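# Provide a 3D model corresponding to the input given below.
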Amino acid sequence: MASYSAIITNASDYVKSGLIDHWKRWIILVILSVIQIFTINIVPLVSGYLVRVYANPDDIAPEIDEYGRLFVDGWKMNIVTILYLIPAIIVAVAFGAIGVISALAGLLTEGKITHITGLVVGSIGILLAFLVFLLITLVMNMAYVHFSRSGRILDAFSVGAITRQISDGIGWGGYIVMWIIVWILMTVLFFIVSGLAMIPIIGWLALIVLTPLWSVFIAKINSNIYDNRP
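Residues are numbered from 1 along each chain as shown. Model prediction:
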C-alpha cells in the first residue's frame, strides 16, 4: 500500500511541475476558476480540466485546450455530483421539514414538549444528513476517477466496482485516514486564507490564486488513491 506521505508528496510535485513551473497554465486555470465561480458552475471548465487530470494516471499535468470538451466533461462532473448528493439532500429536507412542523405546532399550542421534539428531530436530521454526506463523498471522489477513465458517465454509478477498487487498493481504513489528513490540510489552508482575508483585497486574491492549485492537488490525490500509488 502506498504511504500517505508518498501520495501527498506525489500530488504536491504534480502541482508544482504542472502548474507552478508552468505558470501560464496556472494563470489560465485562475481565469477559468473565476468564470466558473461567477457563472455559478454553469461554465465548469475547471471541473472539465479535473476530469482530464483524473483520466490520465501519469505524473504529467495535461494541457488546457479543447475548451468545448472541457465544458462537456465539466457538466458530466456536475451531473455526477448532483445525483450523488440527492440522498443527503432528501434526508436533510425530510428531517428538517419534520423539525419545522414540530416547532410550528409548538408555537401554536405553546407546548414545550413539542418545541423540544422539533429541536431533537432537526438536530438528528442534520447529523444524519452530515454522515450520509460524508459516506457519499468518499464514494463520489472515486466515482469521479472511475468515470473519467472510461469517459462514460454511467460508470460513475458502478458503486460495486468503485468500492471494490477501494477495498482491493488502499483499503477503506487507509482511505478514511487519507481523507482525515486531507481535511486537516484543508483546515490549515482555511485558517491561512482567513488570516489573509483580514487584509483588504489580498485575501480574495489569495483565494482565487490558490483555488486551482488546491483543486488539482485533491484530484491527483484521488487519482493516486484509485491507482494505489505511487
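# next structured bit after the strand or helix carrying residue 194?
Per DSSP states H and E, residue 194 falls inside helix 172-197. Using DSSP H and E, the helix or strand that follows helix 172-197 in sequence is helix 202-227.
# Any buried residues in that following helix, and which?
Going by neighbour count (16 or more other C-beta atoms under 10 Å), the buried part of helix 202-227 is 203, 206-207, 210-213, 215-226. C-beta here means a position set from N, CA and C on the backbone, and glycine is covered the same way.
# Do you have the helices of this structure handy? List them.
Assigned by DSSP state H, the helices in the chain fall at 4-15, 23-38, 45-55, 67-109, 112-150, 159-168, 172-197, 202-227.
# can you pull the contacts of residue 191?
By C-beta atoms under 8 Å, 6 or more residues apart in numbering, residue 191 lies in contact with nothing.
# what's the spacing between the residue nearest to residue 179 when sequence neighbours are not counted and residue 168?
Nearest non-adjacent residue to residue 179, counting by C-beta to C-beta, 6 or more residues apart in numbering: residue 138, 6.8 Å away. Counting by C-beta to C-beta, to the nearest Å, the gap from residue 138 to residue 168 is 16 Å.
# more neighbours, these two?
residue 138 (17 against 9; other C-beta atoms under 10 Å).
# While we're on the more buried one, how confident is the model there?
Predicted confidence (pLDDT) for residue 138: 94.
# quick one: it and residue 175 touch, right?
Yes - using C-beta atoms under 8 Å, residue 138 makes contact with residue 175 at a distance of 6.8 Å.
# Using JSON lines, lay out the helices of the chain together with distance to residue 61.
Below are those laid out as JSON lines (distance: least, C-beta to C-beta, whole Å):
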{"stretch": "helix 4-15", "distance to residue 61": "6"}
{"stretch": "helix 23-38", "distance to residue 61": "7"}
{"stretch": "helix 45-55", "distance to residue 61": "7"}
{"stretch": "helix 67-109", "distance to residue 61": "14"}
{"stretch": "helix 112-150", "distance to residue 61": "15"}
{"stretch": "helix 159-168", "distance to residue 61": "23"}
{"stretch": "helix 172-197", "distance to residue 61": "19"}
{"stretch": "helix 202-227", "distance to residue 61": "7"}
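# Tell me which of the ones you listed is the most buried.
Mean neighbours per residue, mean count of other C-beta atoms under 10 Å, is largest over those for helix 45-55, with a mean of 24.
# Extract the C-alpha set from that one and format it as CSV.
What follows is helix 45-55, C-alpha atoms only, in CSV (Å, rounded to 0.1, in the frame of the first residue of the first chain):
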residue,chain,number,x,y,z
LEU,A,45,-14.2,24.5,-17.4
VAL,A,46,-12.1,23.9,-14.3
SER,A,47,-14.2,20.8,-13.4
GLY,A,48,-13.6,19.6,-17.0
TYR,A,49,-9.9,20.0,-16.5
LEU,A,50,-10.1,18.0,-13.3
VAL,A,51,-11.8,15.2,-15.3
ARG,A,52,-8.7,15.3,-17.6
VAL,A,53,-6.4,15.0,-14.6
TYR,A,54,-8.4,12.0,-13.3
ALA,A,55,-8.3,10.4,-16.8
